[in-house]
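Enquirer: sequence first, then the predicted structure:
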Amino acid sequence: MAAAAALVIAPLAIHHWLAFGAPWRTGYALCGEATGFGWEWFKKNWWLMVTRLNSPGLTLIFPVGLVGFGYLATRDRKRATLLALWALPAMLLYTAYYWAPVGDGPGYVRFFVSVFPPLILAALAMLTETMPVLALGGFVALAATANWREATQSLEHRTERLQFVQRTWEILRQHLPADAVVVANGRTLNFVEFAGDHAMFSSDAFDRSAIKNRTKILNDLDPHPFQRRKAETLARTLGDKTDAQLAEMQRALLVTNVAAGRVVALVASRAEFRNARGRLGDTFAYDSLAEWEDGARGSTWTLYQLRMRPKESLAERKSDLEEEIDQLQFKVKTMRAEFDERYPGAQPRWTEITDIEKQLRENRQQLKKLTGKK
């Protein structure tokens, strides 16, 4: 049996050795997440663990399962010990894990799936010995209904997300050649990369606020999902760039690809498109190739092909004016961000000063009118 187990584990150990330097070293070590366990995290997360294991974990069953452990400990120590050794180590370990998102959904509960069976068995062991058959059947029906509702809601949301992913794949495969350049946000590129052998550029890589959000992990030694070496490289190469400089880098990159004859496409929601159009300036024209819906988020997405902008015609002035507004909005946003970074807290005060000056001018105008009436 030991030899069979070693045979199964050997390929994984060899992969870890080649990829990360040692059989016992995993990809989590690159982010420091392998050390993300501790008493401080346990104290912070224990209540979240309790509430999430009850919902959306095991609605109604979780608290009964905990009581069932105590019940079995006084009546059948062997079963109690077996189920406790099955459930408690994983519960305690992952309660002490640093990554504990507070939002709804399976993100956090997935760590505890292995403890579901012993909790269910402990609950049933107690209930079958303490409740009449009809009452037990009623409880099982109630718990099943509650958990079914929770599961179907989660599956419906997940289905909508996957349908959006599938629709995105279909559209990209239909409209883009295999060697196209695709620009989108990082979350979208996570699944777009499976649609073809495209060259992909994340719009987040040219956004100063996104870069700062990535590199802020260098301010402490805590574990983070983002690799520290990546953050160091990002800070070294782009960390000192302004939004205007990043926009110019993105523009030059896309111009080079369009000039080389490659299809350059943008996948964006309406809000993201306006931001991209403002960022890229008047260099490109944007041909809409397809439009589809993201039902889970209630947003509309569009696939655009970028081409070099021809000379303007009179009919295009309205569209050009809208684009110029987007560019000015981007410029104002950039200048405000740089101002806030250089002078933290000064912008609200400056706004207050300009409001007072506006009120002062209005009062002077009103006084002037009243003086003229005399």
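Expert: All right, it came through fine.

Enquirer: okay, residue 356: pLDDT?
Expert: We have a pLDDT of 76 for residue 356.

Enquirer: for the stretch 101-250 of the chain, what spans make up the helices?
Expert: With helices called from DSSP state H, counting those that start in this stretch, the stretch 101-250 of the chain shows them at 106-109, 116-130, 133-175, 186-192, 208-215, 228-238, 243-259.

Enquirer: so the third one versus helix 116-130, what angle?
Expert: Per axes from the mean of the first three to the mean of the last three CA atoms, to 10 degrees, the angle that helix 133-175 makes with helix 116-130 is 160 degrees.

Enquirer: list the helices and strands helix 133-175 packs on?
Expert: With contacts taken as 3 or more CB pairs under 8 Å, 6 or more residues apart in numbering; DSSP states H and E, helix 133-175 sits against helix 116-130, helix 186-192, strand 264-269, strand 284-294, strand 299-308. Backbone N, C-alpha and C define where each C-beta goes, glycine included.

Enquirer: just name the most buried of those.
Expert: Neighbour counts (mean count of other CB atoms under 10 Å) averaged over each of the helices and strands packed on helix 133-175 peak at strand 264-269, with a mean of 22.

Enquirer: residues in contact with that one?
Expert: Under the contact criterion CB atoms under 8 Å, 6 or more residues apart in numbering, strand 264-269 has outside partners 168, 172, 175-176, 180-185, 188, 192, 203, 254, 257-258, 273, 276, 286, 289, 294, 299-306.

Enquirer: do you know which of the helices and strands packed on helix 133-175 lies nearest residue 216?
Expert: Residue 216 lies closest to helix 186-192 among the helices and strands packed on helix 133-175, at 16.2 Å (CB to CB).

Enquirer: mind giving me the packing neighbours of that closest one?
Expert: Taking 3+ CB pairs under 8 Å, 6+ apart as the contact cut, helix 186-192 packs with helix 133-175, strand 181-184, strand 199-202.

Enquirer: and the second one, which strands flank it?
Expert: Paired with strand 181-184 in the same sheet, following DSSP bridges, are strand 199-202 (parallel), strand 264-269 (parallel).

Enquirer: coming back round to it: looking at the helices and strands packed on helix 133-175, which is nearest to residue 358?
Expert: Nearest to residue 358 among the helices and strands packed on helix 133-175 is strand 264-269 (35.2 Å), distances taken as CB to CB.

Enquirer: next SSE downstream of that closest one?
Expert: Of the helices and strands lying after strand 264-269 in sequence (DSSP states H and E), the nearest is helix 270-280.

Enquirer: kindly calculate the angle that that next one makes with helix 243-259.
Expert: Using the same axes, to 10 degrees, the direction of helix 270-280 lies 90 degrees away from that of helix 243-259.

Enquirer: in CSV, list the C-alpha atoms belonging to helix 270-280.
Expert: Provided in CSV are the C-alpha atoms of helix 270-280 (Å, rounded to 0.1, in the frame of the first residue of the first chain):
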residue,chain,number,x,y,z
ARG,A,270,-19.2,50.2,-21.7
ALA,A,271,-17.6,52.0,-18.8
GLU,A,272,-14.2,50.3,-19.5
PHE,A,273,-14.5,51.3,-23.2
ARG,A,274,-14.9,54.9,-22.3
ASN,A,275,-11.9,54.8,-20.0
ALA,A,276,-9.8,53.1,-22.7
ARG,A,277,-10.9,55.6,-25.4
GLY,A,278,-10.0,58.4,-23.1
ARG,A,279,-6.6,56.8,-22.2
LEU,A,280,-5.6,56.0,-25.8
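
Enquirer: show me where the chain dips below the pLDDT cut-off.
Expert: Counting by pLDDT under 70, the ranges of the chain that qualify are 1, 102-105, 311-317, 367, 370, 372-374.

Enquirer: okay, now the domains of it?
Expert: Domain ranges of the chain: 11-130, 167-345, per automatic domain parsing.

Enquirer: can you list these in a markdown table and add distance to residue 140?
Expert: Shown next, in a markdown table, are those (distance: least, CB to CB, whole Å):
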| stretch | distance to residue 140 |
| --- | --- |
| domain 11-130 | 8 |
| domain 167-345 | 32 |
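
Enquirer: re the thing from before, let me know which of the strands paired with strand 181-184 is the nearest to residue 221.
Expert: Short answer: strand 199-202, nearest of the strands paired with strand 181-184 by CB to CB, at 26.6 Å.

Enquirer: and that closest one, how far from the chain's centre?
Expert: From the chain centre to the centre of strand 199-202 is a distance of 18 Å (CA atoms, centre = their mean, to the nearest Å).
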